[in-house]
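Participant: how would this look folded up:
(one chain, ligands or ions: 2)
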Amino acid sequence: MSKVLVSDPIDQAGIDILSQVATVDVKTGLKPAELIEIIGEYDALMIRSGTRVTQEIIEAGTQLKIIGRAGVGVDNVDVPAATRKGIVVVNSPEGNTIAAAEHALAMMLSLSRHIPDANASVKRGEWDRKTFVGAEVYKKTLGVVGLGKIGSHVAAVAKAMGMKLLAYDPFISTERAEQMGCQLVELDLLMQQADYITLHIPKTPETTHLINAKTLAKMKPTARIINCARGGIIDEAALAAAIKEGKIGGAALDVFESEPLGESDLRSLGKDLILTPHLGASTTEAQVNVAIDVAEQIRDVLLGLPARSAVNIPGFGPDVLEELKPYMQLAETLGNLVGQLVGGRVETLNITLQGELATNKSQPLVVAALKGLLYQALRERVNYVNASIEAKERGIRVIETRDASARDYAGSLHLEATGTLGTHSVTGALLGDKEIHLTDVDGFPINVPPSKYMLFTLHRDMPGIIGKLGSLLGSFNVNIASMQVGRKIVRGDAVMALSIDDPLPEGILDEITKVPGIRDAYTVTL
Ligand SMILES: NC(=O)C1=CN([C@@H]2O[C@H](COP(=O)(O)OP(=O)(O)OC[C@H]3O[C@@H](n4cnc5c(N)ncnc54)[C@H](O)[C@@H]3O)[C@@H](O)[C@H]2O)C=CC1
Ligand SMILES: O=C(O)CCC(=O)C(=O)O
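Facilitator: Ligands and ions are numbered 1, 2, ... in the order given. Coordinates of the predicted model:
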């Protein structure tokens, strides 16, 4: 049975799902060295933001197949290191969207009305109504930095509260922003004009200290900034100074450059700064959502199925996967087959997407074909995550072509591989949307379903050759399940595709190529 380590607090709903297919150990609060020591036993690791999955931990995770982040941000996982090792990294892109958006809105209102400090003063026995005079958000301008899932929800609620909306997001269109009632502007303008600024962007090298002394200096002295996205997007020292010097109206932070927050100037600032301990996703609903979402993906991957939200398998979104699922196996089978026909080192793989596939997203099919192609070399070590990297590292050039005019089948794939030993090609399609058929080998039309053990010959189409091959195989006790010849002209060159019940015994290939008329023979295990 597989083993899953859960190293951060995860809702029981997720543990229950994992327990259907694996032994689950919940060990929270592990130090990095402790995690390194035990991670080698586990097939999957499930985390929240508390565990930092470094390259060292990934290297030690020799059995790891998947890392599941029960949340959105995967900045606490060394994703490139996981990808190199073929480990799938999944997250829950939507499970905590509402929770994080509502936390940002709560921060905005709390800041405007000084709720945390007013509450603390009443609890101290005071009745101070002067210090805590606030400001309305109605008709004020909210600047949303990052108009993705969380930013959009914040914008929708803020609009309903009567706020004017500016947005900065270089990756969305003006039309999309307008649909959400936002005017898309540059960051500088947003910083200058907004009364409230809320950040909803990932932490990347480009967004680290995006908000710094210079950008803070552009804000109105009354404006307030909220960060419920990631620590480090705001330069904390510059922010503390700006608040202390009264250069801005205030800030609310849920996330910090280093978590848990240690010694910091931020702790000593008064009512114009609100701090929460990374609570954006901490609602009962969100924790159930993300635990189920990620646990289901871990379960699926452990069962050999694809994950719906893998962050390191480009182009494998759930909608694309659903559409291409039947063709993925076709691409993988053809890749495996052509790799074995070519033998040796492959230098170039030409992939032609034909018919209806010509208009589809092709990346998953290319990855599946490469996974098949590399199977002989890497066996179980190649998967959808690392197939492209492995191909690149082996110097395999991938050329993609589209041919919408090919109409024999709704959609078909043609793979041509060139290696040090020569060039071979295979074409395949789906019958009845499901059943894989080989429709062409080396330019010769055939129509056979692939089987586990196959023999292909390139021969001269002449009387007696099939009989001779049949007798030879019989003399080696090889049972033929099916056989088909593909030829272009009568008595010209031809290809024979045989499905056999067992692997070919040693030495028989040489005997086959000695049969007069047979030029080449290839045995394949799929
Ligand atoms: N405090 C908490 O507990 C939580 C924090 N988060 C964080 O919130 C952030 C946003 O999450 P989602 O909305 O789900 O992500 P998302 O991927 O839906 O949206 C992010 C948006 O940021 C934009 N963006 C990327 N780089 C940018 C840049 N340099 N400048 C401006 N915009 C840029 C993207 O185009 C996208 O529209 C993430 O960092 C996530 O980790 C998410 C959930 C809970
Ligand atoms: O696990 C958590 O509570 C943090 C959530 C978060 O920051 C995220 O989903 O990106």
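
Participant: quick check: the one residue in the stretch 1-150 of the chain that gets nearest to ligand 2 vs Thr54, distance?
Facilitator: Closest to ligand 2 within the stretch 1-150 of the chain is Gly71: 2.5 Å, counting by C-beta to the nearest ligand atom. C-betas here are computed from N, CA, C, even on glycine. Taking C-beta to C-beta, to the nearest Å as the measure, Gly71 falls 18 Å from Thr54.

Participant: next, give phi and psi for the closest residue to ligand 1 within the stretch 201-350 of the chain.
Facilitator: Using C-beta to the nearest ligand atom, the single residue of the stretch 201-350 of the chain nearest to ligand 1 is Gly280, 2.4 Å away. The phi/psi pair for Gly280 (degrees, to the nearest 10) reads phi -50, psi -40.

Participant: surely it and Val255 touch.
Facilitator: Yes - using C-beta atoms under 8 Å, Gly280 is in contact with Val255, at 7.4 Å.

Participant: what is in contact with these two at once?
Facilitator: Each of Cys228 lies in contact with both Gly280 and Val255 under the rule C-beta atoms under 8 Å, 6 or more residues apart in numbering.

Participant: show me what the biggest helix by length in the chain is packed up against.
Facilitator: Using DSSP state H, we find that the single longest helix of the chain is helix 318-342. Taking 3 or more C-beta pairs under 8 Å, 6 or more residues apart in numbering; DSSP states H and E as contact, the helices and strands that helix 318-342 lies on are strand 346-355, helix 363-378, strand 411-419, strand 422-431, strand 435-441, strand 518-525.

Participant: okay, domains of the protein per the record?
Facilitator: 3-95+285-303, 96-275, 316-450, 451-525 (the TED database).

Participant: now the third one: how far from the chain's centre is it?
Facilitator: Per C-alpha atoms, centre = their mean, to the nearest Å, the displacement of domain 316-450 from the mean C-alpha position of its chain is 21 Å.

Participant: wait, does it contact ligand 1?
Facilitator: No - using C-beta under 6 Å from any ligand atom, domain 316-450 stays clear of ligand 1, coming no nearer than 12.7 Å.

Participant: can you start the count at 397 instead of 1 from here on
Facilitator: Sounds good: first residue 397 from here, last item domain 712-846.

Participant: end to end, how far does that domain reach?
Facilitator: With C-alpha to C-alpha, to the nearest Å as the measure, the ends of domain 712-846 fall 26 Å from one another.

Participant: same check on the longest one?
Facilitator: Looking at domain 492-671, the gap from its leading to its trailing residue is 20 Å under the measure C-alpha to C-alpha.

Participant: is any residue of that domain near ligand 1?
Facilitator: Yes - in terms of C-beta under 6 Å from any ligand atom, part of domain 492-671 sits within range of ligand 1, namely 492-493, 496, 541-547, 564-568, 596-598, 602-603, 624-626, 650-651.

Participant: PyMOL command to pick out the buried ones of those?
Facilitator: In PyMOL syntax, the buried subset of those is picked out as below (16 or more other C-beta atoms under 10 Å):
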select buried, resi 492+493+496+541+542+543+544+545+546+547+564+565+568+596+597+603+624+625+626+650+651
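
Participant: which ones among the residues of domain 492-671 next to ligand 1 lie within strands?
Facilitator: 541, 564 (DSSP state E).

Participant: which of the residues of domain 492-671 next to ligand 1 are close to ligand 2?
Facilitator: By C-beta under 6 Å from any ligand atom, the members of the residues of domain 492-671 next to ligand 1 lying near ligand 2 are Asn492.

Participant: can you tell me the closest non-neighbouring residue to the closest residue to ligand 2 within the stretch 747-896 of the chain?
Facilitator: As assessed by C-beta to the nearest ligand atom, ligand 2 sits closest to Val781 within the stretch 747-896 of the chain, at 21.1 Å. Leaving aside its sequence neighbours, Val781 sits nearest to Gly482 (C-beta to C-beta, 6 or more residues apart in numbering; 4.9 Å).

Participant: that neighbour: what secondary structure?
Facilitator: Assigned with DSSP: H, G, I helix; E, B strand; the rest coil, Gly482 falls in the coil class.

Participant: what is the burial count for it?
Facilitator: Counted with other C-beta atoms under 10 Å, residues neighbouring Gly482 total 20.

Participant: model confidence score at Pro710, please.
Facilitator: Here, the pLDDT recorded for Pro710 equals 69.

Participant: who's in contact with Lys555?
Facilitator: Lys555 neighbours (C-beta under 8 Å, 6+ apart): 561, 576-577.

Participant: do Gly544 as well
Facilitator: Gly544 touches 565, 596-597, counting by C-beta under 8 Å, 6+ apart.

Participant: which stretches of the stretch 647-796 of the chain have low pLDDT?
Facilitator: For the stretch 647-796 of the chain, the stretches with pLDDT under 70 are 710, 714.

Participant: show me what residue of it gets nearest to ligand 2.
Facilitator: For the stretch 647-796 of the chain, C-beta to the nearest ligand atom, closest residue to ligand 2: Ala677, 3.6 Å.

Participant: how many residues are close by that residue?
Facilitator: So Ala677, with other C-beta under 10 Å, has 25 neighbours.

Participant: surely it meets Thr493?
Facilitator: No - in this structure, Ala677 is not within contact of Thr493 by C-beta under 8 Å, at 9.3 Å.

Participant: show me whatever sits in contact with both of the two.
Facilitator: Val468.

Participant: min pLDDT across the contacts of Gly544, which one?
Facilitator: Asp565 (93).

Participant: which pLDDT value belongs to the closest residue in space to that residue that isn't next to it in sequence?
Facilitator: Ranked by C-beta to C-beta, 6+ apart and with sequence neighbours excluded, the top spatial neighbour of Asp565 is Leu543, at 4.3 Å. pLDDT, Leu543: 95.

Participant: ok, now the one 3 residues further on?
Facilitator: Reported pLDDT at Ile546 in the predicted model: 97.

Participant: enumerate every residue touching it.
Facilitator: Ile546 neighbours (C-beta under 8 Å, 6+ apart): 493, 496-497, 500, 596, 624-625.

Participant: what is the nearest of these to Glu831?
Facilitator: The closest of the contacts of Ile546 to Glu831 turns out to be Thr493 (C-beta to C-beta; 40.2 Å).

Participant: circling back to that earlier point, and which of the contacts of Lys555 is nearest to ligand 2?
Facilitator: Set against ligand 2, the nearest of the contacts of Lys555 by C-beta to the nearest ligand atom is Met576 (21.3 Å).

Participant: list the contacts of that closest one.
Facilitator: Counting by C-beta under 8 Å, 6+ apart, Met576 has contacts 543, 548, 551-552, 555, 561, 563.

Participant: one step back: my guess is the residue nearest to Asp565 contacts Ala573. True?
Facilitator: Yes - assessed by C-beta under 8 Å, Leu543 is found in contact with Ala573 at 6.0 Å.

Participant: quick one: end-to-end length of stretch 850-869, please.
Facilitator: 12 Å.

Participant: do me a favour and average the pLDDT over that stretch.
Facilitator: 94.

Participant: how about stretch 625-634?
Facilitator: On average, stretch 625-634 scores 98.

Participant: equivalent analysis for stretch 437-444, please.
Facilitator: 98.

Participant: quick one: is it near ligand 2?
Facilitator: Yes - using C-beta under 6 Å from any ligand atom, stretch 437-444 reaches ligand 2 at Arg444.

Participant: ok, Ile411 to Asp421 distance?
Facilitator: 10 Å.
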